[in-house]
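Participant: give the three-dimensional model of this entry:
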Amino acid sequence: MVKSDDPRCVELEAAGWVVVSRSWAAQVTASSVDIEVLSGAVRRGRRHGNVREIEDGDLESVLLLDYMTLADYPGGVATEHDPLTTSTARVTHTRRGFGAFDGGGRALAVTYVDVDGRAAETDFTVVAAELRGLGIGTAVKAASLLALLRDGVEVFRTGGAEENRATLDSNRSLGYVVDEEWITLSPRHDAEIR
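Facilitator: Below is the predicted model of the structure:
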């Protein structure tokens, strides 16, 4: 896995390696974020459920959503998602989680963000398959940005697979700007087996 502008790409492709997946990374800063855009996204998401920070009482529902969507992550090694455990689903001051929940407490969408001082990076965001395209994923991501902005976070990073246009469009709508493109290469023989 290398940045798309890495000179090694040409060498690897000349040696018979092939691109098996592409991904991107993006950033938004506190100084460039539009609070009204974020607040509007959260309001639209609330048409479908309660958008809020994840609590310990939500863990069973969050783990079920994670389990039900494990096969839904596109891309390759750059965008793989490690299944949640009770430990990694639990929210801490350095691992924050936000979700949308229906009236019965079912997790409809979640996003997890790892915080390091004044910087934060999205680990993953996922929406129940039957509810995609309604803006719920955008809502939980916007909720995470709003909460972390209040806590003093200044730089936010995220990323995803190139083929997942919905995720890219969602992040762009929240102000993220793509600043890196990555490619994953594999020897031709390995790529043909896949």
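Participant: drop to CA atoms for contacts and neighbour counts, all remaining ones
Facilitator: Fine.
Participant: list the contacts of the strand or helix carrying Ala41.
Facilitator: Secondary structure assignment for Ala41, by DSSP states H and E: helix 35-45. Under the criterion CA atoms under 8 Å, 6 or more residues apart in numbering, residues 51, 100, 134-140, 142-143, 145-146, 173-174 lie in contact with helix 35-45.
Participant: ok, now how distant is Thr167 from Ala25?
Facilitator: 11 Å (CA to CA, to the nearest Å).
Participant: nope, Arg157 is what I meant
Facilitator: Distance, Arg157 to Ala25, by CA to CA: 7 Å.
Participant: Leu108 now?
Facilitator: Counting by CA to CA, the gap from Leu108 to Ala25 is 25 Å.
Participant: same thing with Asp66?
Facilitator: According to CA to CA, Asp66 stands 22 Å off from Ala25.
Participant: and Arg44, by the same measure?
Facilitator: Plainly put, Arg44 is 25 Å away from Ala25 if you go by CA to CA.
Participant: residue boundaries of the helices in the chain?
Facilitator: With helices called from DSSP state H, the chain shows them at 8-14, 35-45, 59-68, 86-89, 136-150, 165-173, 188-193.
Participant: what mean pLDDT does the first one have?
Facilitator: Right, the one you point to is helix 8-14. Averaged across helix 8-14, pLDDT comes to 71.
Participant: re earlier: list residues touching both of Thr167 and Ala25?
Facilitator: The contact sets of Thr167 and Ala25 overlap at Gly160 (CA under 8 Å, 6+ apart).
Participant: tell me which helix or strand in this structure has the weakest average pLDDT.
Facilitator: Sorted by mean pLDDT, DSSP states H and E, the helices and strands of the chain end with helix 188-193, the least confident at a mean of 53.
Participant: pull the contacting residues for the nearest residue to Val19 once chain neighbours are set aside.
Facilitator: Nearest residue to Val19, sequence neighbours excluded (CA to CA, 6 or more residues apart in numbering): Leu185, at 4.4 Å. For Leu185, the contacting residues are Met1, Leu12, Trp17, Val18, Val19, Val20, Ser21, by CA under 8 Å, 6+ apart.
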